[in-house]
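S.K.: need coordinates for the below:
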Amino acid sequence: MKSTMMWRVSSFSLPNNDCVEVGRGPGETLIRDTKNRSAGALHLTPHSLAALLHSVKRG
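M.R.: Numbering: from 1, shown residues only. As a prediction, the model looks like this:
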């Protein structure tokens, strides 16, 4: 994981920080838990991210 990765957290997660962070890199999106950042991140290709979001939206 790149140390210069710019992470974004939804404003809806504040003030408890109960959310996930999203980082974008060349050809991939990274997702990590705001409460356990040291656990690493899930690396997703654009196709995998689209499939994940589709599944989440469907419930």
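
S.K.: how far away is residue 12 from residue 34?
M.R.: Distance, residue 12 to residue 34, using CB to CB, to the nearest Å: 12 Å. Any C-beta I mention is one placed from the backbone N, CA and C, and that applies to glycine too.

S.K.: shared neighbours of the two, anything?
M.R.: Residues touching both residue 12 and residue 34 (CB atoms under 8 Å, 6 or more residues apart in numbering): residue 19.

S.K.: who has more neighbours out of these two?
M.R.: Using other CB atoms under 10 Å, the more surrounded residue of residue 12 and residue 34 is residue 34, with 15 against 7.

S.K.: contacting residues around that one?
M.R.: Residue 34 neighbours (CB under 8 Å, 6+ apart): 9, 13, 17-21.

S.K.: which of the residues you listed has the most neighbours?
M.R.: That'd be residue 21 among the contacts of residue 34, by other CB under 10 Å, with 18 neighbours.

S.K.: hang on, isn't that one packed against residue 32?
M.R.: Yes - contact criterion CB atoms under 8 Å: residue 21 and residue 32 qualify, at 5.3 Å.

S.K.: and the residue nearest to the spatial centre of the chain, which of the three is it?
M.R.: For the chain, the residue nearest the mean C-alpha position is residue 31 (2.2 Å; CA atoms, centre = their mean). On the three-state scheme (DSSP: H, G, I helix; E, B strand; the rest coil), residue 31 is labelled strand.

S.K.: for it, give me its contacts.
M.R.: Counting by CB under 8 Å, 6+ apart, residue 31 touches 20-23, 41-42, 44.

S.K.: which one is it nearest to, not counting chain neighbours?
M.R.: Spatially, and ignoring its direct neighbours in sequence, residue 31 is nearest to residue 42 (4.6 Å; CB to CB, 6 or more residues apart in numbering).
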